[in-house]
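Visitor: Got a sequence here, can you build the structure:
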Amino acid sequence: MLTILLILLPLVAGGFILALKEEKMVKKAALAASVALFAATAGILAMFYGTPLLSINMLWISAINSHLHLGVDGISLVLILMAVGLLPFIVAADNASIKKPNVFYALLFFSISAILGVFMALDSFLFYIFWELSLIPVYFLALIWGGEGSRKATLKFFIYTAAGSLLMLVANIYIYMVSSAHSFDLAGMYNQHLSAGEQSWLFWLIFIAFAIKAPIFPFHTWMPETYTKAPMKATMILSAIMSKMGIYGMVRWLIPMVPLGVAQWGNTVMVVAVIGVVYASIVTLMQKDLKTFSAYTSMAHISLIVAGVFAANQISMQGVLFQMVAHGVNVVGMLYIISILEAKSGSRLISDFGGIRSIAPKFSSLFMIVTFGVVALPLTNGFIGEFLLITGIFEHSIWMAAVAGLSIIMGAIYMLYMFQKVMLGESGSKSSMIGDSKGTSFALLSLLALAIVVMGIFPLPILDATASAVSGILSFLMS
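Guide: Residues are numbered from 1 along each chain as shown. Sure thing, here's the model as predicted:
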């Protein structure tokens, strides 16, 4: 029952926040609830750390033999902790006035509840339900609280993700219909012994759904506008947490379900993903808006992670899972910094800043640590993740690794270029409005910077947690 509790906790917290009428109390209540949710979730999972699988399995819809089957293994564990661990930072970020804050924060918690369901579902019909439910709160967050032009961007986001979801549903229904047991249970879906021809086209139906959510080239065109137009907290959810749903789907569902399709098309996807790394890195350098800059930065890193998925060895796959968590921490740090700059100056244009280092040294130092994490400097979380990814890709193909390795070089170029323009050099027109970090912003940025360094120095807790589950996933490719 504890797995159900993990999903119900954010749902109950969201309902409590929705019922609040005093607007001044809403954000404080949301922040307290997010911290309590993290503490409760970490406490529950800590009791079962090291066990193979914490799960519940009971019949849900007898007509289609669908089960309420939820489980937590090492892969789910690190992603659940990432999601609930980042929620307090997302709630605390961006102090801009929000209309109907009780509805806004309730939707944030509802989205987390559905996302946790995605990370725990072990029945493909249940997985699809949570997958769709996670879209609804974020859709309304972006539509109602987004900036100018958000309606068009949100519609595009909805159409893309809904279309991808339908492709995945078709694939799941087909596998269900041809199975002897007519069951949506994950273990049964894994062992259908589908022909190579069937797995070939099923691969693309499932992969496209996950590629859109990630997103990677060329299924990313909804991303820049949506990330830019959505309110900052919704962008954090999309970039730091929801993008991991697509990668998680590739690891948990795609590889074991259609291993022959992965063997046939894996190299093709790796080529596309590596192209995405280079493409996103080049486009990042052309950006003038910091939020759009962050969107393409995120796309470059996600593309490298997807290449690691299809390298499909123990090193690359553990790099995938570690980097998913590291990317979540780093992108929330980046977006939080951008939200501070925008809140104080009213601008996100890189050209409006410069010379902030001399007037805000603490803010600049914390910004530098976040930058180093994104750049993958040794002793930061980004270094561990990218080193494992490049090493795993090298084991698969030296040429792929050579091109994918450009992500480190190009990442350093665009991140250090941005840092120099914003923090160093001559003072910009908006720089004088930026005071140094203190109070809540200093505490939150310090915690994010600490997480970046601690993960870089002590990566073993994440690597140990995921090792066994990764071996289980890869065994399907060897059978």
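
Visitor: what's the burial count for the residue nearest to Glu148 when sequence neighbours are not counted?
Guide: Closest residue to Glu148 apart from its sequence neighbours, by Cβ to Cβ, 6 or more residues apart in numbering: Lys229 at 7.5 Å. From N, CA and C alone the C-beta is placed, and that goes for glycine too. A total of 23 residues lie near Lys229 under the criterion other Cβ atoms under 10 Å.

Visitor: where does Pro224 land in three-state SS?
Guide: helix (DSSP: H, G, I helix; E, B strand; the rest coil).

Visitor: doesn't Ile413 make contact with Leu285?
Guide: Yes. Counting by Cβ atoms under 8 Å, Ile413 is a contact partner of Leu285 at 7.1 Å.

Visitor: Where does pLDDT dip in the stretch 351-479 of the chain?
Guide: 478-479 (pLDDT under 70).

Visitor: can you give me the helices for it?
Guide: 361-375, 381-396, 398-404, 406-423, 439-457, 460-478 (DSSP state H, counting those that start in this stretch).

Visitor: in the fourth one, what counts as buried?
Guide: Buried residues in helix 406-423, counted by 16 or more other Cβ atoms under 10 Å: 406-408, 410-412, 414-415, 418-419, 421-423.

Visitor: Ok, the first one next?
Guide: Buried residues in helix 361-375, counted by 16+ other Cβ under 10 Å: 363-375.

Visitor: pLDDT weak spots in the stretch 51-200 of the chain?
Guide: For the stretch 51-200 of the chain, the ranges with pLDDT under 70 are 51-54, 95-96.

Visitor: Confirm Ser55 sits in a strand?
Guide: Yes. Assessed with three-state DSSP, Ser55 lies in a strand.

Visitor: Neighbours of the residue nearest to it when sequence neighbours are not counted, how many?
Guide: Of all residues not flanking Ser55 in the chain, Gly71 sits nearest, at 3.5 Å (Cβ to Cβ, 6+ apart). When neighbours are counted by other Cβ under 10 Å, Gly71 registers 18.

Visitor: thinking again about what came up before, TSV for the helices of the stretch 351-479 of the chain, including distance to Ile175?
Guide: Output for these, formatted as TSV (distance: least, Cβ to Cβ, whole Å):
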stretch	distance to Ile175
helix 361-375	39
helix 381-396	27
helix 398-404	30
helix 406-423	34
helix 439-457	37
helix 460-478	14
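
Visitor: isn't Pro259 right next to Gln199, touching?
Guide: Yes. At 7.4 Å, Pro259 counts as touching Gln199 under the criterion of Cβ under 8 Å.

Visitor: Redo the buried residues of helix 406-423 as CSV? Include distance to Ile398.
Guide: As requested, these are exported to CSV (distance: Cβ to Cβ, whole Å):
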residue, distance to Ile398
Leu406, 14
Ser407, 16
Ile408, 16
Met410, 19
Gly411, 21
Ala412, 22
Tyr414, 25
Met415, 26
Met418, 31
Phe419, 32
Lys421, 35
Val422, 37
Met423, 37
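
Visitor: closest to Ser281 out of the helices of the stretch 351-479 of the chain?
Guide: Proximity to Ser281 (Cβ to Cβ) singles out helix 406-423 among the helices of the stretch 351-479 of the chain, at 3.8 Å.

Visitor: other SSEs contacting the closest one?
Guide: Helix 406-423 sits against helix 259-285, helix 290-311, helix 361-375, helix 381-396, with contacts defined as 3 or more Cβ pairs under 8 Å, 6 or more residues apart in numbering; DSSP states H and E.

Visitor: tell me the mean pLDDT over the biggest helix by length in the chain?
Guide: The single longest helix within the chain, with elements called by DSSP state H, is helix 314-345. Regarding helix 314-345, the rounded mean pLDDT is 93.

Visitor: What residues sit buried inside it?
Guide: 315-345.

Visitor: what sits against the residue nearest to Thr292 when sequence neighbours are not counted?
Guide: Of all residues not flanking Thr292 in the chain, Thr228 sits nearest, at 4.9 Å (Cβ to Cβ, 6+ apart). By Cβ atoms under 8 Å, 6 or more residues apart in numbering, the contact list for Thr228 reads 147, 153, 235, 289, 291-292, 295.

Visitor: neighbours around Ser397, how many?
Guide: By other Cβ under 10 Å, neighbour count at Ser397 equals 17.

Visitor: Touching, it and Met270? I think so.
Guide: Yes. Between Ser397 and Met270 a contact is recorded at 7.5 Å, counting by Cβ under 8 Å.

Visitor: Overlap of the contact sets of those two?
Guide: Contacts common to Ser397 and Met270, judged by Cβ under 8 Å, 6+ apart, are Ala311.

Visitor: does the closest residue to Ile115 other than its chain neighbours belong to a helix or a strand, and which?
Guide: The shortest distance from Ile115 to any residue other than its chain neighbours is 5.1 Å, reached at Ser134 (Cβ to Cβ, 6+ apart). Taking DSSP states H and E as the criterion, the element that holds Ser134 is helix 124-145.

Visitor: So which bits of that helix are buried?
Guide: 124-135, 137-145.

Visitor: thought Ala360 was touching Asp436?
Guide: Yes. Contact criterion Cβ under 8 Å: Ala360 and Asp436 qualify, at 4.1 Å.

Visitor: When these two are compared, which one has more neighbours?
Guide: Legend: neighbour count by other Cβ under 10 Å for Ala360 and Asp436, higher for Ala360 (21 against 14).

Visitor: Contacts only, for the more buried one.
Guide: 434-437.
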